[in-house]
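Q: pasting the structure only:
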């Protein structure tokens, strides 16, 4: 339908056409630019996602395990979560520079709250009998974390990761739009500035492919772990 519209009713200048997008992707792949821009965005989003995971999961566990601290921190966490980090992108460029670090921090600032809030909420559903049994057996805090808490939050981690992948890509793209010289976001903006809708759709196509592949990989992990429940 898209191809037909572009050939009959709508000027391709406005919507491009799938065949032109395929040709553009082939040209970009042949010139090496496709890998250059894709790898740049993947690195920015991937590092931001990894950092958010490393920081967000422990904070989420802490806030759920220590309820009093969680109640004190909750208003501040929600206030920061509600802050539109997208409008802070120029400040991130100012604070962290125009290179890789600012894009990583932008992705991190968006994704970290996904892990904090989901993990914290997930632990509120934990089986209290398991925790009471651990206390009765005088298990150490480290043992409880390894044997009960971490296995329990695996489904919540996977669910968080599904949301985080898209959010990390958004963070990296927004930072690229503000200031960058490479990346899929930069390529889309540069193409739009030249009224090159084919280039914009080429960047979008690659981003969609990345999200689909990442979610398919998470689906494999999900099938591996979601049937498993913590055992003593």
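A: Okay, I see it. The structure displayed is predicted, hence computed values, not measured ones. Numbers count the residues shown, from 1 in each chain.
Q: So which other helices or strands are in contact with the longest helix along the chain?
A: Criterion DSSP state H: the longest helix present in the chain is helix 33-65. On a contact count with 3 or more CB pairs under 8 Å, 6 or more residues apart in numbering; DSSP states H and E, helix 33-65 meets helix 18-31, helix 67-82, helix 100-123, helix 150-178, helix 184-193, helix 197-225. Bear in mind the C-beta positions are built from the backbone N, C-alpha and C, glycine included.
Q: Buried deepest among those, which one?
A: Mean neighbours per residue, mean count of other CB atoms under 10 Å, is largest over the helices and strands packed on helix 33-65 for helix 100-123, with a mean of 24.
Q: now the angle between helix 67-82 and it, please.
A: 130 degrees (axes from the mean of the first three to the mean of the last three CA atoms, to 10 degrees).
Q: So which of the helices and strands packed on helix 33-65 is nearest residue 60?
A: Evaluated with CB to CB, these place helix 100-123 nearest to residue 60, the distance being 2.8 Å.
Q: which element follows that closest one toward the C-terminus?
A: Using DSSP states H and E, the helix or strand that directly follows helix 100-123 along the chain is helix 128-136.
Q: for that next one, which positions count as buried?
A: 130, 131, 134 (16 or more other CB atoms under 10 Å).
Q: got a list of what the second one touches?
A: By that I understand residue 131. Counting by CB atoms under 8 Å, 6 or more residues apart in numbering, residue 131 touches 144, 148.
Q: mind checking the SS state of residue 138?
A: The three-state label given to residue 138 by DSSP: H, G, I helix; E, B strand; the rest coil is coil.
Q: hang on, the earlier thing: got a markdown table for the buried residues of helix 128-136, with pLDDT and distance to residue 144 too?
A: Compiled in a markdown table, the buried residues of helix 128-136 are given as follows (pLDDT from 0 to 100; distance: CB to CB, whole Å):
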| residue | pLDDT | distance to residue 144 |
| --- | --- | --- |
| 130 | 74 | 9 |
| 131 | 73 | 7 |
| 134 | 77 | 5 |
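Q: Mind putting the helices and strands packed on helix 33-65 into JSON lines with mean pLDDT?
A: Conversion of the helices and strands packed on helix 33-65 to JSON lines gives the following (pLDDT from 0 to 100):
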{"stretch": "helix 18-31", "mean pLDDT": "91"}
{"stretch": "helix 67-82", "mean pLDDT": "83"}
{"stretch": "helix 100-123", "mean pLDDT": "88"}
{"stretch": "helix 150-178", "mean pLDDT": "86"}
{"stretch": "helix 184-193", "mean pLDDT": "88"}
{"stretch": "helix 197-225", "mean pLDDT": "87"}
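Q: Go through these and name the closest to residue 42.
A: When the helices and strands packed on helix 33-65 are compared by CB to CB, helix 197-225 sits nearest residue 42, at 7.0 Å.
Q: Could you tell me how far that closest one lies from the centre of the chain?
A: 12 Å (CA atoms, centre = their mean, to the nearest Å).
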